[in-house]
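Chemist: Sharing a model that was predicted from the sequence below.
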Amino acid sequence: MDDKLAPNVFLSGGSAQTIADADRLRYVPDLDVPKVSLLFGNRYEHFEASSETTLVDGREVKVFVWSLRTYVAE
């Protein structure tokens, strides 16, 4: 895997039924952003940056905490 695109964020919180564990590790190009919004099917899951980090497979990643869900308008 290209180390530049390796996961650098862990998405914490939200529903385990709607966000699979495999989807919680992500690559975010700019770690200084206050929020990230990710499309999951017909909805966006929104996460806010925290001051926390966690170790995943020996790699330190920044933690973003779930804040809300919005749905795509038709």
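Modeler: Good, I have the coordinates.
Chemist: surely residue 48 meets residue 62?
Modeler: No - if you go by C-beta atoms under 8 Å, residue 48 and residue 62 don't touch, sitting 11.4 Å apart. For every residue, glycine as well, the C-beta is placed using N, CA and C.
Chemist: Show me where this structure has its strands.
Modeler: 9-12, 25-26, 35-40, 43-56, 59-71 (DSSP state E).
Chemist: Distance to residue 18 and mean neighbour count added to those strands, as JSON lines?
Modeler: Formatted as JSON lines, these follow (distance: least, C-beta to C-beta, whole Å; neighbours: other C-beta atoms under 10 Å):
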{"stretch": "strand 9-12", "distance to residue 18": "12", "mean neighbour count": "20"}
{"stretch": "strand 25-26", "distance to residue 18": "15", "mean neighbour count": "16"}
{"stretch": "strand 35-40", "distance to residue 18": "7", "mean neighbour count": "13"}
{"stretch": "strand 43-56", "distance to residue 18": "7", "mean neighbour count": "14"}
{"stretch": "strand 59-71", "distance to residue 18": "8", "mean neighbour count": "15"}
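Chemist: need those in a markdown table with mean pLDDT, can you?
Modeler: Below are the strands of the chain laid out as a markdown table (pLDDT from 0 to 100):
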| stretch | mean pLDDT |
| --- | --- |
| strand 9-12 | 96 |
| strand 25-26 | 94 |
| strand 35-40 | 93 |
| strand 43-56 | 95 |
| strand 59-71 | 95 |
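Chemist: how close does the spatially most central residue of the chain get to residue 23?
Modeler: Nearest to the geometric centre of the chain sits residue 11, at 3.5 Å (C-alpha atoms, centre = their mean). Using C-beta to C-beta, to the nearest Å, one gets 7 Å for the distance from residue 11 to residue 23.
Chemist: Enumerate every residue touching residue 26.
Modeler: 7-9, 11, 36, 38 (C-beta atoms under 8 Å, 6 or more residues apart in numbering).
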